[in-house]
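Engineer: Provide a 3D model corresponding to the input given below.
(one chain, ligands or ions: 1)
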Amino acid sequence: MMRRLSRPLFSYLPFLPFSPCPASSHGLQMLVLDDVRFSHGANGTPYRFSMSAAPGEVTAISGPSGSGKSTLLDLIAGFLRPSSGAIKLDGVDLLPPRPERRPLSILFQSDAVFDHLSAGANVALGLPRNTPRAERGGAVSRALADMGLAGLERQRASTLSGGQKQRVALARTLLRDKPLLLLDEPFSALDDENRARMRALIARLTAERGWTTILVSHHEDDIAALARQTYAIRDGELVPSTMAAP
Ligand SMILES: Nc1ncnc2c1ncn2[C@@H]1O[C@H](COP(=O)(O)OP(=O)(O)OP(=O)(O)O)[C@@H](O)[C@H]1O
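Structural biologist: Numbers count the residues shown, from 1 in each chain. Predicted structure coming up:
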């Protein structure tokens, strides 16, 4: 069952982004992967993924380059189909819906912004379609300000730095406000100050909105700061790891 809001999503917009949302709970959106099997072709690594991730918490996925972290996110998001196994959110089968119908938002490792659009127009793509026109500008400006990008609404994305583009893409992803948030190396282009700022924002939003957040990261600092639970991918399997914060 999809989460139910007591009133239409757009009525929460005065609280977005990213202030505390008084009726923000997504319910118990526990993500469970049960023996999800997949291989990139006949000679690819045979993956066997089982894990659970709790709502209101960040669960980190670590592992060396090429171990299958992005593959795992692609399976959850629906860009790849498992050969067997189950993926459920709050007990509901996630596999039948097409990727765009799944209750999740995703930030890809190489998430591009649209260079020909302004920073504000890129962020606005994350707003729900039924957001009233009068509220769109304010919501976008607050999202940019929360990213440390206040005043850049009209700046063409092609003129932004790599770190600024990554924050614009992150703002767009967070604005979607879906129960399941998938982040693939979301801080790779950021300096230490912005990294800390984005970590704090994601931690706060995950707790306040009850998101089930999956963070793929190579960085022990990010995992230690954010994750309540960590899995490492070893030989195609998810293994609970001790790298998480207490
Ligand atoms: N479309 C594809 N077809 C065939 N093999 C693929 C495909 N996508 C990924 N692979 C392979 O699957 C393995 C896992 O890739 P994946 O991108 O999931 O790893 P990763 O852990 O996310 O790596 P990184 O940390 O470098 O991003 C790699 O060996 C990769 O070459």
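
Engineer: got the residues of the protein near the ligand?
Structural biologist: Counting by CB under 6 Å from any ligand atom, the residues of the chain lying close to the ligand are 40, 41, 44, 63, 65, 66, 67, 68, 69, 70, 71, 109. Where C-beta positions appear, they are placed from N, C-alpha and C, glycine not excepted.

Engineer: can you put these in TSV and add neighbour count and pLDDT?
Structural biologist: Listed next are these as TSV, based on neighbours: other CB atoms under 10 Å; pLDDT from 0 to 100:
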residue	neighbour count	pLDDT
40	12	96
41	5	91
44	12	91
63	19	91
65	6	91
66	10	93
67	18	94
68	24	95
69	23	95
70	18	93
71	20	96
109	13	77
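
Engineer: surely residue 37 is in a helix?
Structural biologist: No - if the criterion is DSSP: H, G, I helix; E, B strand; the rest coil, then residue 37 is strand and not within a helix.

Engineer: what's the burial count for it?
Structural biologist: 14 (other CB atoms under 10 Å).

Engineer: quick one, what contacts residue 58?
Structural biologist: 202, 203, 206, 213, 214, 215, 226, 227, 228 (CB atoms under 8 Å, 6 or more residues apart in numbering).

Engineer: 10 Å instead?
Structural biologist: 181, 183, 199, 202-203, 206-207, 211-215, 217, 222-223, 225-230, 244-245 (CB atoms under 10 Å, 6 or more residues apart in numbering).

Engineer: buried ones in the helix or strand harbouring it?
Structural biologist: Using DSSP states H and E, residue 58 sits in strand 57-62. Within strand 57-62, the residues scored as buried using 16 or more other CB atoms under 10 Å are 57, 58, 59, 60, 61, 62.

Engineer: export the residues of the chain next to the ligand to JSON lines and tack on secondary structure?
Structural biologist: Output for those, formatted as JSON lines (three-state DSSP):
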{"residue": "40", "secondary structure": "coil"}
{"residue": "41", "secondary structure": "coil"}
{"residue": "44", "secondary structure": "coil"}
{"residue": "63", "secondary structure": "coil"}
{"residue": "65", "secondary structure": "coil"}
{"residue": "66", "secondary structure": "coil"}
{"residue": "67", "secondary structure": "coil"}
{"residue": "68", "secondary structure": "coil"}
{"residue": "69", "secondary structure": "helix"}
{"residue": "70", "secondary structure": "helix"}
{"residue": "71", "secondary structure": "helix"}
{"residue": "109", "secondary structure": "coil"}
